[in-house]
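Trainee: make a model of this:
(one chain, ligands or ions: 2)
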Amino acid sequence: MPELSVAVFATDNDQRAVLQVLVDGTSVARTVCSNPTMPLAANDPVIRRTQAFAPDVILVDIAAEGITAALRAVELLHQELPNAAVFAVGPMTQPQLIVSAMRAGVREYIERPTTTTDLLEAFVRLTSARRKPGRESSRGKVFTIVNAKGGSGSTTVAVNLALALQSVHESTALVDLAPLGHCALHLNLKPAFTVSNAITNLHRLDSELLHSFMARHDRGLQLLAGPAAPLALEPSAADFARLFDMMVGLFRYIVVDASSRLDSATRLVSSLSEKILLIAHADVASLWSAGRVAQYLGESGSRDRFALVLNRYRKVAGFNEAETEAAIGAPVLWRIPNQYFAVSTAIDRGIPLMQQGTTEIARSIAGLAELLTKDDLDVKRTKFSLFKTV
Ligand SMILES: Nc1ncnc2c1ncn2[C@@H]1O[C@H](COP(=O)(O)OP(=O)(O)O)[C@@H](O)[C@H]1O
Ligand SMILES: [Mg+2]
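Mentor: Ligands and ions are numbered 1, 2, ... in the order given. A predicted model of the protein is given here:
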């Protein structure tokens, strides 16, 4: 018995017919309506007709000659049929298109031309996500952490922020995108696989395979580790788009440690992020670099989601926060105290700060996690207070 009902939108007649056959071929889903036109506005009759079928999935074909119309359709359908999951079928060669589709509300982005296997996998991911109690069907949130310059504290913040998020919502992943991955060291994990393994296996990557590439910390946090040596061949931004497309369907929070990595991959992941935290120190060289980093990453349109986190913070005479914010074009979101002994022994011993009772710095990072999730109804807010008890 097919479990899922699917509404197909494709302006090309052949493609529409193909999609219908492929959907029905999965045997877990069946096409309930097939539309040759894309909706143009919320009151478009095709939207009302589709609502009458109450589909579980809406499949929108992104044809090369109709990209804008297809993206607009995704946005409208996502908005007007909030209980349906929108899947897009489009080219994998344009990372910016994948990002735009995801921003418009696409839950799965499937390669065009499509196969029954691709569709089947996407349907299975949807049904298993729906079966998990308490897991709403919305996509996870990505927080990217990048430093103004090496040694500012990106990895320290990323690792501890991920642990703080894991303690309030047990579905958190840490992805190490740094040129040389240090997250595993901070967490005292010895991962057998890295991000590269996930990327080279993208063609067959499903939830199970992805989890097998991740190392599990004893607090439940899942780490997709970074390379232990610089990579000879860097994956493309489109590869990262596909990887993150899958990850946001599987995890509630994804913390990315980009550290000093400044390239198209960090740009792409930034453009998928809820917030990009720029870790800087309150000194001239660090703040100058922060401005340059924000400028580079902001060129792909992520500017309004940047926030500064001042690490190793102490009050310095003559330091003007408002001037700093204006110069960098990002607000100061948080300040983390300077606690060299606590931080460096945590790293040396592989026991992160969040695992070591309450220190001023653990409280500070818990406070940052609380602020970043303040609008999320499903987090166990009371758990933040555990870090606060003195
Ligand atoms: N809040 C802090 N207080 C004191 N020392 C810190 C703090 N945060 C980081 N450090 C120190 O800075 C060093 C670099 O931190 P790390 O997280 O590796 O930076 P990045 O990833 O930006 O290069 C660490 O070895 C740690 O000892
Ligand atoms: Mg680092």
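
Trainee: just the strands from the stretch 151-300 of the chain, written as ranges.
Mentor: Using DSSP state E, counting those that start in this stretch, the strands of the stretch 151-300 of the chain run over 172-176, 215-216, 222-224, 253-259, 275-280.

Trainee: make CSV out of those and add mean pLDDT.
Mentor: CSV is the format used below for the strands of the stretch 151-300 of the chain (pLDDT from 0 to 100):
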stretch, mean pLDDT
strand 172-176, 98
strand 215-216, 97
strand 222-224, 98
strand 253-259, 98
strand 275-280, 97
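
Trainee: looking at those, which is closest to ligand 2?
Mentor: If you check each of the strands of the stretch 151-300 of the chain against ligand 2 by Cβ to the ion, strand 253-259 wins as the nearest, at 3.3 Å. Heads up, the C-betas are built off the backbone N, CA and C, glycines and all.

Trainee: could you check the angle strand 275-280 makes with the closest one?
Mentor: For strand 253-259 against strand 275-280, the angle by axes from the mean of the first three to the mean of the last three Cα atoms, to 10 degrees is 30 degrees.

Trainee: sheet partners, orientation included, of strand 253-259?
Mentor: Paired neighbours of strand 253-259 in the sheet (DSSP bridges): strand 141-147 (parallel), strand 172-176 (parallel).

Trainee: output it as CSV, nothing but the C-alphas.
Mentor: Extracted C-alpha coordinates of strand 253-259, given in CSV (Å, rounded to 0.1, in the frame of the first residue of the first chain):
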residue,chain,number,x,y,z
TYR,A,253,21.1,21.6,15.0
ILE,A,254,24.3,21.5,13.0
VAL,A,255,27.3,23.4,14.2
VAL,A,256,30.0,23.9,11.6
ASP,A,257,33.6,24.7,12.6
ALA,A,258,35.1,26.5,9.6
SER,A,259,37.9,28.0,11.7
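
Trainee: how about it: buried residues?
Mentor: For strand 253-259, the neighbour count (16 or more other Cβ atoms under 10 Å) marks 253-259 as buried.

Trainee: how far does that strand sit from the chain's center?
Mentor: Its chain's average C-alpha position is 8 Å from that of strand 253-259, according to Cα atoms, centre = their mean, to the nearest Å.

Trainee: kindly report the residues of the stretch 51-200 of the chain close to ligand 2.
Mentor: For the stretch 51-200 of the chain, the residues in contact with ligand 2 (Cβ under 5 Å from the ion) are 154-155, 178, 182.

Trainee: most surrounded residue in those?
Mentor: For those, the largest number of neighbours (other Cβ atoms under 10 Å) sits with Ser154, at 29 neighbours.

Trainee: dump the strands of the stretch 151-300 of the chain to TSV, plus distance to Arg303.
Mentor: Listed next are the strands of the stretch 151-300 of the chain as TSV, based on distance: least, Cβ to Cβ, whole Å:
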stretch	distance to Arg303
strand 172-176	22
strand 215-216	34
strand 222-224	27
strand 253-259	16
strand 275-280	9
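
Trainee: between those strands, which gets nearest to Ala148?
Mentor: Ranking these by their distance to Ala148 (criterion: Cβ to Cβ) puts strand 275-280 first, at 3.8 Å.

Trainee: what's the closest one in contact with?
Mentor: With contacts defined as Cβ atoms under 8 Å, 6 or more residues apart in numbering, strand 275-280 is touched by 143-148, 152-154, 157, 270, 286-287, 289-290, 293-294, 297, 302, 305-311, 328, 330, 333-334, 372.

Trainee: returning to what we had before: and ligand 1, which of the strands paired with strand 253-259 is closest to it?
Mentor: strand 141-147 (3.5 Å; Cβ to the nearest ligand atom).

Trainee: gap between the closest one and the chain center?
Mentor: 9 Å.

Trainee: swap in stretch 314-331?
Mentor: 29 Å.

Trainee: hmm, it in reach of ligand 1?
Mentor: No: Stretch 314-331 lies apart from ligand 1 when judged by Cβ under 6 Å from any ligand atom; the minimum separation is 9.9 Å.

Trainee: what's the closest of the residues of the stretch 51-200 of the chain next to ligand 2 to ligand 2?
Mentor: Closest to ligand 2, out of all of these and judged by Cβ to the ion, is Thr155, at 3.3 Å.
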